[in-house]
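>>> A predicted structure for the sequence below; I have some questions about it.
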Amino acid sequence: MGPLYDAVGLGMRAYSRTAFRVRYLGPASFRLRPGTLIVATHRKETDVPVIAPELYFRGSLWKHRSERMAFAARDDMFLRGFFAGFPPGLSPRARRALFPLAVGRFLPRVEVHPISSASSARLMELLSAEPDARLDDVVPERLRPALRGRAKERGLPAPVRARDAVVGQYADLLWEGVSRGEGSDGFWQARALRATSDFRELVGLIRAGRSLLVFPEGRPSLAGEIGPLRRGLDALVRRGKPERILPVTLAYDPLVRGRAEIFLVFAETLAPPDAELETVVLESLKLNTALTMGQFVAHELAAGREPHPATLAAELEAARALGRPFDPALADPARRAVKLAESRAAAALKPQEIPFLAEEFESARS
C-alpha cells in the first residue's frame, strides 16, 4: 500500500486541481484518527478525486502510513470494461479500445473495497454469469431491442449467446441496470451472498481500527437533492463501532467564469448517536453543505425572481446564524457584487445547470 497509494494520491491531486478550483473549508491540517467513518455527500462522479487528496495531504497520510483510509466503492468499478461502459459521451472507437481494460485487481492494493447491492446489478454481470446461455433467456425483454438495434447499426451479426454481446461495441448498453427478478434465481442468490461478504469486509475494516470513506447516498444525486441515505449506514455503524463520524460535503458551482469551483467542507466530527443515526448524519450533511453563489442565483431564477444583492445578504446572514459554511468571497461586499454579476451572466449561458443548483439550495435547508 506504499508507492502505489502515494501515486494515486498525487495523481488525484493533479487531476482535481487542473479540472476545478477547489475551495477547501476545514482545519488546515489534522490527524485522521483510527476508527473514523468518513461520510460524504455524493454530488458528481468526480467526488473521490476531490475528497481523497485533501484527506491525503492535510492528514499527512504520506507520512502517517498506519492512518491511511480505505474506500468503499461501487462494485461495477471492479468489472472489466468499466471505463468503456460507464462514462457517457464516449465515441464508439473509444469504447472498443477501453473495453478490455480491467483495473479491479489493482483497486484493493490502494484500499478500495467493493460494496454490492443484493437487488441491483449491471447487464454485463448477467451476461458474464451465463455466457453460453441464449441471449433471450438472459437479457430482460426491455433491453433486447437496443442490443439488436446496435448490431444492425454497426453491421454486426445479431448476438445469439450471452457471450456474443460481451464486447466493446455494446459497452454502454452493458452498463444498463437490472433488478432482482430480471435474470435467474441463481444469479441473484450469488449476488446476495456477495453483498453480504462485501458488507462484512467493511465492518471488519472499521472493527480493526481503520478509517473508511463511504458515500451513504450510494450514487451521485441526479436532481440536486441531498439524500436520502441508503439503508445500511446504521448497520455499518452498529456492527463496525467506529469511534467517530466525519461528515464531508461538496458543493459544485459551475456558474462562474472559467473552471467550476468546488467547496469542500470537512465538518466537526460526531460521536455515533445512540438512535436515529441516519437522520442525524443526513441533517449534518445538509447543514454543512456550503452556500454558493451559483445555488443562490439558480434558486432565485428558478423561482422567477431576479437575484438581488439584498436577498443575497439576507441568505448570507441566515447561513451565519445556522453555522452553515459559505463561499468566503461572499463575506466581502465588493467581491460579493462581482461574483453575483459573474454568476448571473454564467446562468444565461448554462441554463441546464439551474435546476440542479436550485434543488441543492432547497435540499440543504429542508
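Everything's here; your move. Numbers count the residues shown, from 1 in each chain.
>>> which SS class is the nearest residue to E201 once chain neighbours are set aside?
Leaving out its chain neighbours, the residue that sits closest to E201 by C-beta to C-beta, 6 or more residues apart in numbering is H113, at 5.8 Å. Quick note: C-beta positions are derived from backbone N, CA and C, even for glycine. Of the three states, H113 takes strand according to DSSP: H, G, I helix; E, B strand; the rest coil.
>>> Show the contacting residues for H113.
Neighbouring residues of H113 by C-beta atoms under 8 Å, 6 or more residues apart in numbering: 70-73, 107, 198, 201-202, 205.
>>> from those residues, which ones fall inside strands?
Counting by DSSP state E, the part of the contacts of H113 found in strands is 70-73.
>>> Pipe the residues you listed into CSV and attach neighbour count per row.
Shown next, in CSV, are the ones in strands among the contacts of H113 (neighbours: other C-beta atoms under 10 Å):
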residue, neighbour count
A70, 22
F71, 18
A72, 22
A73, 18
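>>> As JSON lines, these with distance to D164 would be great.
Below are the ones in strands among the contacts of H113 laid out as JSON lines (distance: C-beta to C-beta, whole Å):
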{"residue": "A70", "distance to D164": "38"}
{"residue": "F71", "distance to D164": "35"}
{"residue": "A72", "distance to D164": "34"}
{"residue": "A73", "distance to D164": "30"}
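>>> how close does the residue nearest to E201 get to A70?
6 Å (C-beta to C-beta, to the nearest Å).
>>> Identify the contacts common to these two.
L205.
>>> could you say what helices and strands the lengthiest strand in the chain packs with?
Secondary structure of the chain per DSSP E: the longest strand is strand 244-253. Applying 3 or more C-beta pairs under 8 Å, 6 or more residues apart in numbering; DSSP states H and E, we find strand 244-253 packed against strand 36-40, helix 47-58, strand 261-266, helix 277-287, helix 293-302.
>>> Reformat the ones you listed as JSON lines; add mean pLDDT and distance to A190.
Shown next, in JSON lines, are those (pLDDT from 0 to 100; distance: least, C-beta to C-beta, whole Å):
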{"stretch": "strand 36-40", "mean pLDDT": "97", "distance to A190": "28"}
{"stretch": "helix 47-58", "mean pLDDT": "93", "distance to A190": "28"}
{"stretch": "strand 261-266", "mean pLDDT": "98", "distance to A190": "38"}
{"stretch": "helix 277-287", "mean pLDDT": "97", "distance to A190": "28"}
{"stretch": "helix 293-302", "mean pLDDT": "98", "distance to A190": "43"}
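>>> so which of those gets nearest E125?
helix 47-58 (22.1 Å; C-beta to C-beta).
>>> Centre of the chain to the closest one, how far?
13 Å (C-alpha atoms, centre = their mean, to the nearest Å).
>>> R23 sits in which helix or strand?
In this assignment (DSSP states H and E), R23 forms part of strand 21-25.
>>> need the longest helix for the protein.
In the chain, with assignment by DSSP state H, the single longest helix is helix 185-207.
>>> Specify the angle between that one and strand 70-74 in degrees.
160 degrees (axes from the mean of the first three to the mean of the last three C-alpha atoms, to 10 degrees).
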